[in-house]
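>>> whatever this is, show me its structure:
(chains A and B)
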Amino acid sequence: MERIPILRMGQFLLVTIQVDMHDRLAVQLQDDLTEKISEWSSRGVLIDISTLEIVDSFIGRMLANIAAMARVLDAETVVVGMQPAVAITLVELGMSLAGVRTALNVETGMELLYELRGDFHSEMGG
Amino acid sequence: MKSVKQETVLLTTSGDVVVARQKVRQWAMEMKFTLVDQTKLVTAASELARNALDHGKGGQMVIEHVENSIRNGLKLVFEDRGPGIPDIEAALRDGFTTAGGMGLGLGGSKRLVNDFQIESEPGKGTRITVVRWK
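Residues are numbered from 1 along each chain as shown, chains lettered A, B, ... in the order given. Got it, this is the predicted structure:
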């Protein structure tokens, strides 16, 4: 079955969405991520959506669900790389992704994750 | 409003929603809509195609390049043979949902286009027509 790969990077999980997702694939990702957070005791999830050409209410809800489920499992979620046209459209659609942390790119997203875990300095070697 | 050309996309599976999005993207690009306008059109199409699938038990989308005396537009018509929408005004309100979603599908997509029209007859189906002008 078609799946979006989840990479494990130490205490974090990394997901890059590179396909035009149909709804079932989005739901599958939500389930897989929740399972992996629990299996690997992950502390954070970084979701890169820089190649997504649209985020509609379904995908927006999926991102919000992932963030909420991760939080219940003691993990933080950061969504990175949203294209400006996607952001404009999403807000006009009526979704502000309240409760979902965002960053402009993977690098700042990772920094934010370390910061949120409160162990920024030890992890970054500073 | 004059029709330049048109094409029909059937909506029977969630994969068809992806096809509908890609078609709208392709047409909007060919008509040289700005990137933001393309994104709005594709997002509205995604919402309305899913709507026809989830609430209308499937249907079709007709995509059409139209023009009037002064400008070009992309018109999308979504038709389903579902139960219809008993209270259109309520269905357009943000937060109104019968499928457990965010309730942004109809009201939200209305904000992403210039013209928006719903015709619905209980028991017979729903037709939603949207146009975004260049």
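>>> and the strands in chain B?
B:2-11, B:59-67, B:72-80, B:115-121, B:125-133 (DSSP state E).
>>> mind putting the ones you listed in a markdown table, distance to chain A and mean pLDDT included?
Backbone N, C-alpha and C define where each C-beta goes, glycine included. Output for these, formatted as a markdown table (distance: least, Cβ to the nearest Cβ, whole Å; pLDDT from 0 to 100):
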| stretch | distance to chain A | mean pLDDT |
| --- | --- | --- |
| strand B:2-11 | 12 | 95 |
| strand B:59-67 | 15 | 97 |
| strand B:72-80 | 14 | 97 |
| strand B:115-121 | 13 | 94 |
| strand B:125-133 | 12 | 96 |
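>>> out of those, nearest to A:N65?
Closest approach to A:N65 among the strands of chain B is made by strand B:2-11 (24.4 Å; Cβ to Cβ).
>>> can I get the strands of chain B in a markdown table with mean neighbour count and distance to B:V24?
A markdown table is the format used below for these (neighbours: other Cβ atoms under 10 Å in any protein chain shown; distance: least, Cβ to Cβ, whole Å):
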| stretch | mean neighbour count | distance to B:V24 |
| --- | --- | --- |
| strand B:2-11 | 13 | 9 |
| strand B:59-67 | 19 | 6 |
| strand B:72-80 | 22 | 7 |
| strand B:115-121 | 15 | 15 |
| strand B:125-133 | 21 | 10 |
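>>> now the residue nearest the centre of chain A, what's its secondary structure?
With distances taken as Cα atoms, centre = their mean, A:I47 lies nearest the centre of chain A, 3.0 Å away. Secondary structure of A:I47, reduced to three states by DSSP: H, G, I helix; E, B strand; the rest coil: strand.
>>> kindly reformat the strands of chain B as TSV containing distance to A:G81.
Converted to TSV, these look like this (distance: least, Cβ to Cβ, whole Å):
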stretch	distance to A:G81
strand B:2-11	29
strand B:59-67	29
strand B:72-80	27
strand B:115-121	31
strand B:125-133	26
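>>> and A:A98, which of those is closest to it?
Smallest distance to A:A98 across the strands of chain B (Cβ to Cβ): 25.8 Å, for strand B:115-121.
>>> what does the closest one rub up against?
B:84-85, B:88, B:91-92, B:106, B:109-110, B:126-131, B:133 (Cβ atoms under 8 Å, 6 or more residues apart in numbering or on different chains).
>>> measure B:I88 to B:T126 for me?
Plainly put, B:I88 is 9 Å away from B:T126 if you go by Cβ to Cβ, to the nearest Å.
>>> could you do B:E89 as well?
14 Å.
>>> got it, and B:V17?
Distance from B:V17 to B:T126, by Cβ to Cβ: 16 Å.
>>> state the pLDDT value of B:P122.
At B:P122, the model reports a pLDDT of 89.
>>> just A:M110 next, same as before
Confidence at A:M110, expressed as pLDDT, is 96.
>>> count of neighbours near A:Q18?
13 (other Cβ atoms under 10 Å in any protein chain shown).
>>> SS state for it?
On the basis of three-state DSSP, A:Q18 is classed as coil.
>>> tell me the SS of the closest residue to it other than its chain neighbours?
Using Cβ to Cβ, 6 or more residues apart in numbering or on different chains and skipping the chain neighbours, the partner closest in space to A:Q18 is A:T51 (5.1 Å). Three-state call for A:T51 (three-state DSSP): coil.
>>> residues contacting A:T51?
A:T16, A:I17, A:Q18, A:G81.
>>> would you turn the residues you listed into a markdown table with pLDDT?
Formatted as a markdown table, the contacts of A:T51 follow (pLDDT from 0 to 100):
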| residue | pLDDT |
| --- | --- |
| A:T16 | 96 |
| A:I17 | 95 |
| A:Q18 | 90 |
| A:G81 | 97 |
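>>> buried ones among these?
Among these, those buried by neighbour count (16 or more other Cβ atoms under 10 Å in any protein chain shown) are A:T16, A:I17, A:G81.
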